[in-house]
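[1] Structure of the sequence below:
(one chain, ligands or ions: 1)
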Amino acid sequence: MQYLWQHISNIIEAYKGDVPLTHFLKAYTKQYPILGSRDRRMLGMLAYSWYRCSKGLVRDGDPTFQQRMRECLVLCNAYTPLFDKMFSLVAPIDVPVGFDKELLFPHDIPLSEGITRGEWLAAMQVQPRLFIRIRRDKDGILALLDGKDISYEFITPTCLALPNGAAIDTLLPAESYVVQDASSQATGAYMRPMAGERWYDCCSGAGGKSLLLRDLCPGIDLTVSDKRRSILDNLEARFRQYGLRQPTVIVADAADRQQVDALAKGHPFDNILADVPCSGSGTWARTPEQLYYFDPAAVARFSQLQQAIATNVARYVKKGGRLVYITCSVFRQENEDVVKAITGATPLRVAEMRLINGIATGADSMFVAVLQ
Ligand SMILES: C[S@@+](CC[C@H](N)C(=O)[O-])C[C@H]1O[C@@H](n2cnc3c(N)ncnc32)[C@H](O)[C@@H]1O
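    Numbering: from 1, shown residues only. Next up, the predicted model:
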């Protein structure tokens, strides 16, 4: 087990935050086929705990890398007997290494209404849960989970929380559920699509919200766009997988006036969904490497892009129609401030606005504003 020390040091030395940690770990362990599934799992737990906690360690007593790593595992509740052998040669620390979560984020960036800095930073030490949205055959899904003794909790009648790592992909029929965070599912309550309406999802990504929209109301006419062709391929594949009618799919930069004009062809939409690119700070408990490598200048850049996208597409909201603005950020500059900019630049007015605080549920946090 001592060989794992060399691997985790290499990982932490080489990883610079430019790709998702999960991709980096996969690529790294692939180079060492000798590492078994238990080794890979342990390296994952070590690396994630490190990025969740290490910056918050108060380094009194000059602890070694190995001692700090143990503190991180303990702080994240991730130290199990699995690690006993690996840590058997690591000396105990005389003075406990303290932890100050404020050190994790030494920036004075205001948060949205509905979440406190203390609870947000405390949530970084806890891995959020796995959530599914049930699409069909709820009884069948529950019977399969019961049959494998997989515990679950209902968050809503169609939202189930499951333990992380539950092997549902080989157990549940693929078309019966969607993996989707509970807060992301909760944004559906603000969409309220009705049959016959024309909807435009201007930053659709792989279609998490578009699929939700179609499931809520199969009778809508849906157009989707994203800047990236590759992610729209994923969206199309997912619509096929779920047996849903394909939307109109267009590659477009939603911040570009001419591209949106060409897409809309002069016809306004009843409703536009703008689930815009953002810092993702409401999801950093899942991706703690983003907290670790955060560049505070990114917030202003995102805020400008969000305003550009929202005000650009807002020109095509029908009179009486709605713009549903969504982020997975907890920063005010990406949320309330952008909404203010939209109401300043367009005739749209705020009908509803809320930070969906997912911490108590073990979910992400998201912001949603409905402008009419
Ligand atoms: C928050 S993600 C969307 C997630 C998606 N709605 C879902 O629920 O799965 C934002 C998306 O915006 C796209 N994007 C970034 N800049 C864009 C732009 N200027 N125009 C259109 N799409 C953009 C990104 O490629 C990304 O897929």
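[2] Could you list the residues of the stretch 51-200 of the chain in contact with the ligand?
    Applying Cβ under 6 Å from any ligand atom, we find that the stretch 51-200 of the chain lies next to the ligand at no residue. Heads up, the C-betas are built off the backbone N, CA and C, glycines and all.
[3] Can you find the residue of the stretch 51-200 of the chain that comes nearest to the ligand?
    residue 184 (6.3 Å; Cβ to the nearest ligand atom).
[4] Could I get the contacting residues of the most centrally placed residue in the chain?
    Here the mean C-alpha position of the chain is nearest to the C-alpha of residue 283 (Cα atoms, centre = their mean), at a distance of 4.4 Å. With contacts defined as Cβ atoms under 8 Å, 6 or more residues apart in numbering, residue 283 is in contact with 181, 328, 364-365.
[5] redo that, cut-off 7 Å
    Residues in contact with residue 283 (Cβ atoms under 7 Å, 6 or more residues apart in numbering) are 328, 364.
[6] ok so, going back, need the next SSE after the one helix or strand the residue of the stretch 51-200 of the chain closest to the ligand maps to, C-terminal direction.
    Secondary structure from DSSP states H and E places residue 184 in helix 182-186. Past helix 182-186, heading to the C-terminal end, the next element that is a helix or strand (DSSP H and E) is strand 198-201.
[7] Does that next one pack against any helices or strands, and if so which?
    Judged by 3 or more Cβ pairs under 7 Å, 6 or more residues apart in numbering; DSSP states H and E, the packing partners of strand 198-201 are helix 208-216, strand 221-226, strand 269-275.
[8] Flag the shaky bits of the stretch 51-200 of the chain, pLDDT-wise.
    When the per-residue scores of the stretch 51-200 of the chain are filtered using pLDDT under 70, the ranges that remain are 60.
[9] Which parts of it are strands?
    57-58, 98-99, 130-134, 153-156, 159-162, 177-179, 198-201 (DSSP state E, counting those that start in this stretch).
[10] how about those strands in CSV, adding mean neighbour count?
    Formatted as CSV, the entries for these read as follows, by neighbours: other Cβ atoms under 10 Å:
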stretch, mean neighbour count
strand 57-58, 16
strand 98-99, 15
strand 130-134, 21
strand 153-156, 14
strand 159-162, 20
strand 177-179, 18
strand 198-201, 24
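[11] just so I know, which of those strands lies nearest residue 121?
    strand 98-99 (10.9 Å; Cβ to Cβ).
[12] Tell me if I'm right that residue 238 and residue 208 touch.
    No - in this structure, residue 238 is not within contact of residue 208 by Cβ atoms under 7 Å, at 8.9 Å.
[13] Those two: who's more crowded?
    Neighbour comparison, residue 238 and residue 208: the larger count goes to residue 208, with 21 against 16 (by other Cβ atoms under 10 Å).
[14] and the gap between the residue nearest to the centre of the chain and the ligand?
    10 Å (Cβ to the nearest ligand atom, to the nearest Å).
[15] One more: residue 297?
    Distance of residue 297 to the ligand, given as Cβ to the nearest ligand atom: 17 Å.
[16] Pop the domain breakdown of this protein in here.
    As given by automatic domain parsing, the domain ranges for the chain are 3-99, 129-180, 183-371.
[17] Need the winner for burial among those domains.
    Of all the domains of the chain, domain 183-371 carries the top mean neighbour count, a mean of 19, counting by mean count of other Cβ atoms under 10 Å.
[18] residues in contact with the closest residue to the ligand within the chain?
    Nearest residue of the chain to the ligand, counting by Cβ to the nearest ligand atom: residue 208, 2.8 Å away. When contacts are counted by Cβ under 7 Å, 6+ apart, residue 208 touches 180, 184.
[19] all helices for the stretch 251-372 of the chain, in order.
    257-264, 288-292, 297-314, 336-345 (DSSP state H, counting those that start in this stretch).
[20] quick one: the helices in the stretch 51-200 of the chain?
    According to DSSP H, counting those that start in this stretch, the stretch 51-200 of the chain carries its helices in the segments 65-75, 117-123, 138-147, 182-186.
[21] Relative to residue 101, tell me which of those wins on proximity.
    helix 117-123 (4.2 Å).
[22] Close to the ligand: what parts of the stretch 251-372 of the chain are there?
    For the stretch 251-372 of the chain, the contact set with the ligand under Cβ under 6 Å from any ligand atom comprises 253-255, 275, 277, 309.
[23] give me that answer again for 8 Å
    Neighbours of the ligand within the stretch 251-372 of the chain, by Cβ under 8 Å from any ligand atom: 252-256, 273, 275-278, 280, 305, 308-309, 326-328.
[24] how close does the closest residue to residue 174 other than its chain neighbours sit to residue 341?
    Here the nearest residue to residue 174 in space, its sequence neighbours aside, is residue 241; by Cβ to Cβ, 6 or more residues apart in numbering that works out to 6.2 Å. Distance, residue 241 to residue 341, by Cβ to Cβ, to the nearest Å: 37 Å.
[25] what residues are up against residue 346?
    With the criterion set at Cβ under 7 Å, 6+ apart, residue 346 makes contact with 311, 314.
[26] try the one 5 residues further on
    If you count contacts by Cβ under 7 Å, 6+ apart, residue 351 has them with 370-372.
[27] now with 6 Å?
    For residue 351, the contacting residues are 370, 372, taking Cβ atoms under 6 Å, 6 or more residues apart in numbering as the criterion.
[28] From the centre of this protein, give me the residue that's furthest out.
    Taking Cα atoms, centre = their mean as the measure, the residue most remote from the mean C-alpha position of the chain is residue 94, 39.0 Å away.
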